[in-house]
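*Asks:* Predicted model and sequence below, questions to follow.
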Amino acid sequence: MFLRKTQPTLYATISRLHNSAHPLSDAKNGSRWRTLALLAIAELLGMSLWFSGSAVVPELTKEWHLSEAAASWLTLSVQLGFVAGTLLSALLNLPDIISPRHLFMLTAIAGAVVNAAFAWFAHDASVAIPLRFLTGMCLAGVYPPAMKILATWFRHGRGLALGVLVGALTLGKAAPYLINGIGSQNWRHNVMFVSLLAVVGGLLVLLFVTDGPYALPAARFDWKQVGKVFRNRGVRLANLGYFGHMWELYAMWTWIPFMIRASLSLRKSDPSLAEVASFLVIGCGALGCVAAGLIADRVGRTIVTSWAMAISGSCCLIIGLLFGANPILLLIVAAIWGASVVADSAQFSACVTELGDPQYMGTALTIQTCLGFLLTTISIELIPRFVNLVGWRYAFVALAPGPLFGVISMLRLRKLPEAMKIAQGRR
């Protein structure tokens, strides 16, 4: 009873910090936090499809005798599919001319169906890689529309809201490693279970999520909006910061499980420990996203993104030195990297929603993610080449230029007059 009277709930704390001056009524204020919770759960479930193939690579390597290149393409194909899907979506203005809720539901379920086909019908890489590509295409309708839905509910506290969403996405992408570590010994059953999660996520959005009070009427198709994104100086710099961040993020997410497996195997650790450790390291990003969102809404987005990239870039330089070392020390540094490498992600998107044309917010977010994910295909492919050249000890150093470039871009944005539009003037 004493604790109940003296300690506010997390919900009450967040609401007080971010909404004491919010113009919405109490009912609508409660609705937006309920929407955030539901959308975060749906995003977690839907984006669990992303690494459902990568998580089972060790089993596929044994069963299909995969080459290193084929194993890499199981991840790259998802990235390329996502790029193709977001490019098509941006060119057609899909998140702005049709309901983002319906787009989320349709693509989440479509992705689940394709992933289920991978689980039951793929018996070699020639079938698996195209199916993973199609899965990535479907996921292009899951992530950007969810960000747009949240933006219709949040003006104040938007950094936190998007941080929670990206945190949920991070947990979703980490989930297949946990499922593979503690689930069935049959990888097909684990992949199928992930498909069921995605279906539930799509239905949650369709049945229980609505657009917020800041939603605008459906936009008219305008293919020129893609070009206008780059003519906006503030949006352009926010995107450049995002690109530096993305150079590092997905290469880290893709290859840190491999590095952890290799390092723990040198010490003859239980293989399932590496899977659970991978989940925890990637999953730490959820905490980083929420913390960065809370701080960014009060201190400023350019500062938070710069600090996050400075920390993650430092981890790029030192993580390899712990390869084969004490597992606890390795996992502590990896967890710090996992928390910082994605902590800033939502804040780049928040900047775009605040600096760009609100009528075509969905298109701007989609083209941002499209180009960012296109860049990841290069860095993902680069890491195994560096591993072959210099080993795990120095391979991740190749990612450090990305966050350095991102810090420079965000500090330049901070100096512009347009930066006063970010986070209600907190930049």
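*Replies:* Received, thanks.

*Asks:* Okay, now the unreliable bits of the stretch 301-427 of the chain?
*Replies:* 356-362, 419, 423-427 (pLDDT under 70).

*Asks:* let's go with 90 and repeat that
*Replies:* 301-303, 324-328, 343-374, 376-377, 381, 413-427 (pLDDT under 90).

*Asks:* For it, which segments count as strands?
*Replies:* For the stretch 301-427 of the chain, no strands turn up when DSSP state E, counting those that start in this stretch is the criterion.

*Asks:* Quick one: residues contacting residue 190.
*Replies:* 52, 55, 56, 176, 179, 180, 183, 184 (CB atoms under 8 Å, 6 or more residues apart in numbering). In this view, the C-beta of every residue, glycine as well, is placed from N, C-alpha and C.

*Asks:* Same question for residue 114.
*Replies:* By CB under 8 Å, 6+ apart, the neighbours of residue 114 are 131, 134, 135, 138.

*Asks:* re the thing from before, sort out for me which of the contacts of residue 190 are in helices.
*Replies:* Those of the contacts of residue 190 mapping onto helices are 176, 179, 180, per DSSP state H.

*Asks:* which of the residues you listed lies closest to residue 282?
*Replies:* Nearest to residue 282, judged by CB to CB, of the ones in helices among the contacts of residue 190 is residue 176 at 10.0 Å.

*Asks:* Please verify my assumption that the closest one contacts residue 45.
*Replies:* No. Look at residue 176 against residue 45 with CB atoms under 8 Å: they stay out of range, at 11.9 Å.

*Asks:* returning to that earlier point: looking at the ones in helices among the contacts of residue 190, which is nearest residue 372?
*Replies:* Nearest member of these to residue 372, counting by CB to CB, is residue 176, at 21.7 Å.

*Asks:* Next one: that closest one relative to residue 261, how far apart?
*Replies:* 15 Å (CB to CB, to the nearest Å).

*Asks:* higher neighbour count, these two?
*Replies:* residue 176 (28 against 18; other CB atoms under 10 Å).

*Asks:* okay if I get the contacts of residue 190 as a markdown table plus pLDDT?
*Replies:* Output for the contacts of residue 190, formatted as a markdown table (pLDDT from 0 to 100):
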| residue | pLDDT |
| --- | --- |
| 52 | 91 |
| 55 | 87 |
| 56 | 90 |
| 176 | 91 |
| 179 | 90 |
| 180 | 86 |
| 183 | 80 |
| 184 | 84 |
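
*Asks:* Report the buried members of those residues.
*Replies:* 52, 55, 56, 176, 179, 180, 183 (16 or more other CB atoms under 10 Å).

*Asks:* Not counting its neighbours along the chain, what's nearest the last one?
*Replies:* Across the structure, with CB to CB, 6 or more residues apart in numbering as the measure, the residue nearest residue 183 apart from its sequence neighbours is residue 190 (4.6 Å).

*Asks:* Kindly report the same for the fourth one.
*Replies:* Leaving aside its sequence neighbours, residue 176 sits nearest to residue 55 (CB to CB, 6+ apart; 3.7 Å).

*Asks:* so who does that neighbour touch?
*Replies:* When contacts are counted by CB under 8 Å, 6+ apart, residue 55 is found next to 176, 177, 179, 180, 190, 257, 275.
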